Every structure is written in structure tokens, then in C-alpha cells.
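> Dropping the sequence and predicted coords here.
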Amino acid sequence: MDAPVPDVGVTDIEAWRARAHAYAEEFVRPAAEAIDRDDALPDSIVHGLRGPGFFGLGVPASWGGSGGDTRTVAAVLEELSAASAAVGVLLSVHLSVCTHPILLHGTDAQRERLVRPLASGRALGAFALTEPGVGSDAAHISTRYSRTPSGFLLNGSKMFITNGARADVVLAFATRDAAAGAHGVSAFVVEKGTRGVGTAQKLEKLGLRGSETNELVFQDALVPEENLLGPEGEGLKLALSALTAGRVGIAACALGVARSAFDALQAAAVAEPTDGRRSAVAGAFTTLSAARALVEKAAAEKDAGRPYVEAASVAKLFASRAAVEIASTAVDVAGPAGVRRGAAPERLLRDARVFPIVEGTTEIQQLILGRTLVGR
Ligand SMILES: Cc1cc2nc3c(=O)[nH]c(=O)nc-3n(C[C@H](O)[C@H](O)[C@H](O)COP(=O)(O)OP(=O)(O)OC[C@H]3O[C@@H](n4cnc5c(N)ncnc54)[C@H](O)[C@@H]3O)c2cc1C
């Protein structure tokens with residue numbers, strides 16, 4: 001399966017959207033059912049994302065990227081996720097919580113060595129914060145690091161890591177002292193082949209099947225000094241800011257799933273119109289339009305350089321709920337055909353159900369919003 005030939009110079013958002021749509025319709029949508037059934041993403045589809053330059057979105061050409069702002073990234077993620085959420089999520093994680101934080105917080109030497117291969121897609125990125133016992137409360141991670149003359153030694157394990165086994169570059173977080181809380185956490189770039197890094201298990205999931213989720217284990221993993229990202233002790237701040245950006249990406253992925261669910265719902269209603277179905281389509285259309293507006297607003301706020309924590313939380317919270325709600329209505333309207341294993345509404349509902357959990361649960365978005373709107 002050949003990837004489309006790159007057309008250098010496409011900077012306009014709608015041109016990027018069209019490019020992503022073309023790739024998704026030709027290569028991804030025909031494979032979506034098999035990706036879900038086999039819980040595996042073919043290498044040809046992942047490697048095919050290189051040609052159009054998707055791995056380098058949001059990275060300036062001076063660092064080997066494709067350029068494009070957050071709205072561009074969101075448009076591409078929506079298009080890919082509308083065809084297969086697994087593909088959208090692989091790219092969202094690679095960009096928003098691995099490549100972009102290294103670009104933002106790295107030294108020029110780190111950008112040269114790490115961002116270039118990530119932006120070209122020769123390397124795939126992952127983000128490893130969650131642990132078997134710690135998710136939302138990230139200040140209390142227990143993966144430890146210690147300094148040695150030859151670098152940092154990491155010990156502990158990370159859970160639910162998207163792209164974990166496939167990734168060449170993992171942005172991982174560890175604490176020098178669990179009792180130090182937020183100030184003990186530092187960020188490290190762990191490269192494939194690092195001694196002492198293992199993949200303990202691949203996790204089977206309800207939805208987003210094909211998007212690999214792994215447990216990673218660090219046993220005296222030796223990370224060189226030059227792979228510390230940002231100042232020591234500032235890792236939690238870095239992780240939280242990456243997650244804020246990541247939420248815009250995940251919201252865009254959820255929007256793509258919501259849109260596909262809406263298409264399935266509308267097609268079923270058009271095939272057999274009733275007043276109840278017309279009303280269901282009208283309600284879903286309203287929800288989808290609101291989700292789109294919120295994703296675009298969050299992306300636009302970020303692009304304008306304005307504070308966007310609230311907008312990102314609102315977009316993530318609403319778009320992930322919208323995907324679940326619209327996919328559930330699509331199942332209702334499709335009737336028995338909609339719940340058959342592999343039918344589009346059934347698959348979309350399972351995919352949608354994961355979005356309220358990843359990159360900050362709905363309750364955590366409510367907590368963030370409550371604190372900013374009401375105060376601590
Ligand atoms: C498919 C998938 C992919 C993922 N990919 C990654 C990845 O690439 N990298 C990574 O680091 N992590 C990843 N995660 C982990 C994800 O970010 C965490 O699952 C999520 O942050 C929640 O953490 P937890 O599972 O430990 O749940 P917990 O934090 O234990 O929460 C359990 C429940 O309690 C609620 N809760 C927790 N604290 C509060 C509170 N203070 N107030 C109110 N309610 C609260 C939560 O909302 C949730 O409902 C992934 C998860 C999934 C399912």
C-alpha cells in the first residue's frame with residue numbers, strides 16, 4: 001500500500017483537512033473494521049502517515065516539520081479519527097504529548113537529535129505518566145530516578161501507555177523522592193533500545209482497539225544525562241502543560257468519532273424516516289455542532305497564545321461525551337443491526353467510550369474547571 005506523494009507547501013487548514021480526508025478514505029476507512037477486530041494497526045497505515053507529513057504537524061520546517069497550527073492538527077486528527085479512532089489517537093499522542101513538548105522544552109541539541117526523526121515519522125512518540133497505582137493524582141507517581149555518574153537510573157512501571165511498545169521515543173516521568181510530591185518529578189526522554197526498559201503486557205480494551213496500550217517496565221533503565229527534558233524537578237509542570245495541549249488533540253479525535261456516528265445515524269434515519277428518527281438526528285446534529293465549535297475554540301485560543309486551560313477542558317469533556325451520546329443514539333436507531341459485532345455504530349460506541357477517560361477523566365476536567373471558575 002503506497003502512501004500519497006507529499007505535496008510540500010500545503011499550509012492552509014482546509015488543504016490539510018482535505019489531504020487527511022483523502023488519506024483516511026483511501027487507506028484507513030477500508031481497514032477500520034479489521035483494525036478493531038484484530039486489535040492491530042498495520043504498519044503500512046502507520047508508515048503511510050509519513051508521506052503526507054502528518055507526523056511533523058505543528059513542528060516548524062526549521063526542525064524538519066510540516067508546520068501548521070493547532071487548528072490544522074485538530075482538523076487532521078478529526079479526519080483520521082472519523083475513519084479509525086486508533087489511527088487518530090496514535091498521531092495525537094505522538095504529536096501533542098511527545099513531539100511538541102520536546103520541541104517546546106528541549107535544548108537545540110535535543111531538538112536536533114529527537115524532534116527531527118519524530119517530525120519525519122522515522123521515530124514514533126509516546127508519553128508515560130500513568131502507573132498501575134497512580135493516574136489522575138500525577139504528583140504521587142512512584143517510578144523513581146536516581147543520579148549516577150553515567151546518567152539517571154529509572155525504576156518502576158508505567159500503565160496504559162499508548163504506542164508504548166511501538167514507540168522509539170518515550171517521554172517518561174519519574175520522581176527522585178515520592179515524598180517530595182510535585183517538586184520531585186522530572187521528565188526524561190527514554191529511547192528505544194535503552195537497557196532495562198521492557199514491555200510487560202499489551203492491554204486488551206473495550207474500544208480504541210488497534211491503538212496499542214502497554215505496560216512499560218523500567219528496571220535500572222539507564223537514561224543519559226542529556227535526555228533530561230527541562231530542569232530537574234519541573235517534570236510535573238511539563239507533563240500537565242503537555243496534557244492540556246493533548247486534550248485539544250483528544251477532543252478532535254472524539255469529534256471525528258462523533259461525526260462518523262452522526263453519519264451512521266443520519267443514514268439509518270434517511271433509509272427509514274420516522275418523526276422519532278428525525279428528532280434523534282436533529283438532537284445529534286446540535287450536539288455535534290457544539291462539539292465542533294468547542295474544539296475549534298480551544299485550538300484557536302491556543303494558536304492565539306491566550307490561556308486555554310478552560311477551553312481545552314471544556315472541549316475534551318464535551319466532545320468525548322458527545323461521541324458517546326451520538327454513538328449510543330446511532331446504535332438505538334440502527335436497531336439490532338447496530339449492536340452486531342463490527343457494525344459501525346457498535347464499534348464507534350466502544351471507541352467513543354474510552355475518550356472520557358484518556359488524558360484526564362471527565363471528573364478531572366470538572367475539577368480543573370471548578371477550580372478556575374470558583375477558586376480553590
Ligand atoms: C486507552 C487509554 C490510553 C491511555 N494512554 C495513556 C498514555 O499514553 N500515557 C499515560 O500516561 N496514560 C495513559 N492513559 C491513562 C489515563 O490517562 C488514565 O487512565 C487516567 O488519567 C485516569 O487515571 P486512572 O486510570 O489511574 O484512574 P484514577 O485516577 O484512579 O481515577 C479513577 C476514577 O476516580 C475519579 N477520580 C480520580 N481522582 C478524582 C478526584 N480528585 N475527584 C473526583 N474524581 C476523581 C476518576 O475520574 C475516575 O473516574 C490511558 C488510558 C486509557 C484507557
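Now that the structure is in, tell me what you want to look at.

> any idea which helix or strand of the protein has the worst average confidence?
Within the chain, no helix or strand scores below strand 197-202, which has a mean of 88 by mean pLDDT, DSSP states H and E.

> Give me the buried stretch members for that one, please.
Using 16 or more other CB atoms under 10 Å as the test for burial, strand 197-202 gives Val197. C-beta coordinates here come from the backbone N, C-alpha and C atoms, glycine included.

> Next SSE downstream of that strand?
Using DSSP states H and E, the helix or strand that follows strand 197-202 in sequence is strand 213-223.

> contacts for that next one?
Strand 213-223 has contacts (CB atoms under 8 Å, 6 or more residues apart in numbering) with 128, 132, 143, 145, 148, 150-162, 164-165, 170, 172, 174, 188-190, 194-203, 205.

> List only buried entries from those.
Using 16+ other CB under 10 Å as the burial test, the contacts of strand 213-223 include 128, 143, 145, 151-162, 164-165, 170, 172, 174, 188-190, 194, 197, 205 as buried.

> quick one on the thing from earlier: take the contacts of strand 213-223 and keep only those in strands.
128, 145, 148, 151-162, 170, 172, 174, 188-190, 197-202 (DSSP state E).

> Those residues of the chain touching the ligand, which are they?
Proximity of the chain to the ligand is confined to 93, 127-130, 135-136, 160-162, 205, 208, 213, 354, 357-361, 363-364, 367 under the rule CB under 6 Å from any ligand atom.

> Phe27 versus the closest residue to the ligand within the stretch 51-200 of the chain, what's the distance?
Nearest residue of the stretch 51-200 of the chain to the ligand, counting by CB to the nearest ligand atom: Gly135, 1.8 Å away. Separation of Gly135 from Phe27 (CB to CB, to the nearest Å): 33 Å.

> And Ala269, by the same measure?
For Ala269, the distance to Phe27 - CB to CB - is 29 Å.

> now Ile13
21 Å.

> Just want to know which of these two has more residues nearby.
The residue with more neighbours, out of Ile13 and Phe27, is Phe27; 22 against 17, by other CB atoms under 10 Å.

> quick one: the more buried one and Pro42, what's the gap?
Relative to Pro42, and taking CB to CB, Phe27 is found at 9 Å.

> Next: Gly370.
In terms of CB to CB, Gly370 sits 43 Å off from Pro42.

> quick one: which of the two has more around it?
Between Gly370 and Pro42, counted using other CB under 10 Å, Pro42 has the larger neighbour count: 16 against 12.

> Please put the alpha-carbon coordinates of stretch 28-46 into PDB.
Extracted C-alpha coordinates of stretch 28-46, given in PDB (Å, rounded to 0.1, in the frame of the first residue of the first chain):
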ATOM      1  CA  VAL A  28      -7.800   3.900   6.800                       C
ATOM      2  CA  ARG A  29     -11.600   3.600   6.500                       C
ATOM      3  CA  PRO A  30     -11.400   0.300   4.400                       C
ATOM      4  CA  ALA A  31      -9.200  -1.200   7.200                       C
ATOM      5  CA  ALA A  32     -11.100   0.200  10.200                       C
ATOM      6  CA  GLU A  33     -13.200  -2.900  10.900                       C
ATOM      7  CA  ALA A  34     -10.200  -5.200  10.700                       C
ATOM      8  CA  ILE A  35      -8.100  -2.900  12.900                       C
ATOM      9  CA  ASP A  36     -10.800  -3.200  15.500                       C
ATOM     10  CA  ARG A  37     -11.400  -6.900  15.100                       C
ATOM     11  CA  ASP A  38      -7.700  -7.900  15.100                       C
ATOM     12  CA  ASP A  39      -6.700  -5.200  17.600                       C
ATOM     13  CA  ALA A  40      -3.800  -4.400  15.400                       C
ATOM     14  CA  LEU A  41      -2.800  -1.400  13.300                       C
ATOM     15  CA  PRO A  42      -1.000  -2.400  10.000                       C
ATOM     16  CA  ASP A  43       2.500  -1.000   9.700                       C
ATOM     17  CA  SER A  44       1.500   0.200   6.200                       C
ATOM     18  CA  ILE A  45      -1.100   2.600   7.600                       C
ATOM     19  CA  VAL A  46       1.300   3.900  10.300                       C
END
